[in-house]
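Peer 1: Any chance you can model this:
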Amino acid sequence: MKTPFLIGEKVYLRVLEREDAPVLKAYINDPDVNRTLMVYRPLGLESVEKFIATPGTNENEICLGIALRENDRLIGATDLHLRAPKDRHALFGISIGAKDEWNKGYGTEATRLIVDYGFQTLNLNRISLRVYEYNPRAVRTYEKVGFKREGVLRQEVYREGRYWDAYAMGMLRTEWDALRK
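Peer 2: All right, here's what the predicted structure looks like:
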């Protein structure tokens with residue numbers, strides 16, 4: 001394993017390095033992956049390198065690469081943005097960019113790892129996210145981990161020639177603690 005930070009059964013989360021930028025750039029610019037992200041335009045290598053460097057200089061952002069334990073392959077990234085530190089609230093994001101690794105449970109495991117870190121190490125009280133209605137695979141993953149739908153943001157995003165809803169989802173520390181027992 002290459003500099004593991006959080007270790008699961010099949011994946012581990014690690015710090016992103018500058019040499020990861022070309023891999024992430026390919027993932028971010030893939031149309032199938034990009035449609036699930038808040039990013040809506042192509043990103044060049046310099047932009048991706050800046051994205052990788054930012055969490056190292058901002059204590060309110062944690063961004064980690066998702067790598068396979070079996071071969072150290074970087075397959076995606078996940079992050080927590082501490083939106084309201086005094087309220088102990090963070091916004092969560094994840095993307096599995098390697099499409100050949102979709103539907104294997106890696107996103108679910110990575111989500112559990114970083115959510116546990118958020119509640120158990122960062123002492124967060126709440127973790128929230130937004131997910132687009134056209135991404136049912138992600139919705140199932142978040143519900144499996146314990147996130148609950150809290151609302152619908154009607155016509156939140158414009159993609160593919162139309163407006164789509166986004167679901168606001170969240171989890172409280174007490175709910176996570178109950179799931180862990």
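
Peer 1: chain center to the longest helix belonging to the chain: distance?
Peer 2: Secondary structure of the chain read by DSSP state H shows that its longest helix is helix 106-120. The chain centroid and the centroid of helix 106-120 are separated by 9 Å under Cα atoms, centre = their mean, to the nearest Å.

Peer 1: do the same with stretch 142-157
Peer 2: Between the centre of stretch 142-157 and the centre of its chain there are 14 Å (Cα atoms, centre = their mean).

Peer 1: which parts of it are buried?
Peer 2: By neighbour count on 16 or more other Cβ atoms under 10 Å, the buried set for stretch 142-157 is Tyr142, Val145, Gly146, Phe147, Val157. To be clear about C-beta, it is placed using only N, CA and C from the backbone, and glycine gets the same treatment.

Peer 1: Spatially central residue for this structure, please.
Peer 2: Nearest to the geometric centre of the chain sits Ile94, at 1.6 Å (Cα atoms, centre = their mean).

Peer 1: Report the contact partners of that residue.
Peer 2: By Cβ atoms under 8 Å, 6 or more residues apart in numbering, Ile94 lies in contact with Ile66, Gly76, Ala77, Thr78, Asp79, Gly107, Ala110, Thr111, Ile114.

Peer 1: repeat for Val152
Peer 2: Val152 is in contact with Asp165, Ala166, Tyr167, Ala168, counting by Cβ under 8 Å, 6+ apart.

Peer 1: Now flag whichever of those is closest to Asn103.
Peer 2: Tyr167 (20.3 Å; Cβ to Cβ).

Peer 1: what's the spacing between the residue lying closest to Asp165 once chain neighbours are set aside and Val115?
Peer 2: Spatial nearest neighbour of Asp165, excluding adjacent residues (Cβ to Cβ, 6 or more residues apart in numbering): Glu133 at 4.5 Å. Separation of Glu133 from Val115 (Cβ to Cβ, to the nearest Å): 22 Å.

Peer 1: Neighbours of Glu101, how many?
Peer 2: Counted by other Cβ atoms under 10 Å, the residues lying close to Glu101 total 17.
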